[in-house]
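Asker: okay, predicted coordinates and the sequence, questions at the end:
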Amino acid sequence: MPYVSSLQRHLATRPGWLEWTWAAIKPVFANGLAQTTAWKLAAEIDVVPLPVLSRPALHVLGVDIDGEQAIRTVCESFIRVSPTNLMFSGLLRRWLTGGKPTGEPTPREGWTPPAALPALPSLVAPHALTPDEHDLLLQFGTQVTGQPFVPGLYRMLAHWPAYLAHLSALLGPRFHDAKTIACCRALARRIDEAVPGVFATLPEAPDAPMPPSDQFSEVLAALDRYRETSPQMVVFGTLIRDALPT
């Protein structure tokens with residue numbers, strides 16, 4: 001991935017957490033079991049599509065042909081990384097709630113990661129926007145551990161403010177639509193149900209010191225929030241991508 005997810009960046013703000021987490025779950029990412037399992041379960045998204053935009057309409061919204069390709073790449077990136085984050089957070093949650101792997105690795109020979117995606121647009125800093133653009137971006141936000149948080153998908157799309165405004169009108173109702181919410185929850189549930197089988201193949205003792213237990217509750221609360229936003233990134237990323245000109 002050309003982008004480090006906010007989930008890992010959040011862990012990196014806590015001394016020792018990123019190192020221990022990676023030591024604890026690396027084997028199932030190194031052999032591809034974690035990613036391929038998550039991607040397979042996220043492949044089918046049953047949600048009503050958005051209207052497809054024409055290329056002239058995109059141009060009116062400030063998106064030229066290069067911007068169109070950049071937006072497509074942004075969507076593909078989040079469709080790829082978000083199921084992985086659901087698996088990542090599920091495995092971490094299992095460690096923090098007392099799970100014990102059996103240390104019986106699943107043989108997986110010859111797995112090759114997919115080709116790297118092109119470089120992504122930078123994350124737009126909210127303070128660099130005009131007041132109206134700032135307020136527009138925050139419409140896509142939530143909170144993590146009491147701090148405002150706008151998923152990276154929308155911070156990248158903020159490079160095209162008129163296009164983001166178009167998306168806010170179409171996607172805003174979807175955040176409260178029962179069918180869309182059910183689709184997001186079903187995706188999270190499918191991956192949750194696969195976590196124990198993947199977790200069981202991990203080594204019994206990570207080669208890194210476990211962080212203090214008095215920090216577990218805060219990290220678990222952050223994982224809960226990412227568990228809500230990660231399925232949205234798959235569903236909304238798919239909606240946005242599929243509404244681009246074919």
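Answerer: Sure, I can see it. Numbering: from 1, shown residues only.
Asker: the helix or strand bottoming out on mean pLDDT in the chain: what's the following helix or strand?
Answerer: Least confident helix or strand, the chain: strand 142-144 with a mean of 69, by mean pLDDT, DSSP states H and E. Counting by DSSP states H and E, the next helix or strand C-terminal to strand 142-144 is strand 147-149.
Asker: that following strand pairs with which strands?
Answerer: Strand pairing for strand 147-149, using DSSP bridges, gives strand 142-144 (antiparallel).
Asker: phi and psi next, for Asp64.
Answerer: Main-chain dihedrals, Asp64, degrees, to the nearest 10: phi -90, psi -170.
Asker: pLDDT wise, what is the residue nearest to it when sequence neighbours are not counted at?
Answerer: In space, and not counting its chain neighbours, Asp64 is closest to Leu58: 8.0 Å by C-beta to C-beta, 6 or more residues apart in numbering. C-beta here means a position set from N, CA and C on the backbone, and glycine is covered the same way. At Leu58, the model reports a pLDDT of 97.
Asker: and stretch 21-39, what's buried?
Answerer: 21, 23-29, 31-39 (16 or more other C-beta atoms under 10 Å).
Asker: and that stretch, how far apart are its ends?
Answerer: The straight-line separation of the ends of stretch 21-39 (C-alpha to C-alpha, to the nearest Å) is 21 Å.
Asker: element containing the spatially most central residue of the chain?
Answerer: Geometric centre of the chain, nearest residue: Ser82, 2.8 Å, by C-alpha atoms, centre = their mean. Assigned by DSSP H and E, Ser82 belongs to helix 65-96.
Asker: next secondary structure after that helix?
Answerer: helix 131-138.
Asker: and that following helix, what's buried?
Answerer: Neighbour count says helix 131-138 has 133, 136-137 buried, by 16+ other C-beta under 10 Å.
Asker: just stretch 174-188 next, same as before
Answerer: 174, 180-181, 183-184, 186-188.
Asker: phi, psi of the residue of the chain most remote from its centre?
Answerer: Largest separation from the mean C-alpha position in the chain: Pro56, at 30.2 Å (C-alpha atoms, centre = their mean). Dihedral pair for Pro56: phi -60, psi -40, per degrees, to the nearest 10.
Asker: how about Lys100?
Answerer: Dihedral angles for Lys100 - degrees, to the nearest 10 - are phi -130, psi 110.
Asker: pretty sure it contacts Glu204?
Answerer: Yes. Under the criterion of C-beta atoms under 8 Å, Lys100 makes contact with Glu204 at 6.9 Å.
Asker: which one's more surrounded, these two?
Answerer: Using other C-beta atoms under 10 Å as the criterion, Lys100 and Glu204 rank with Lys100 on top: 12 against 9.
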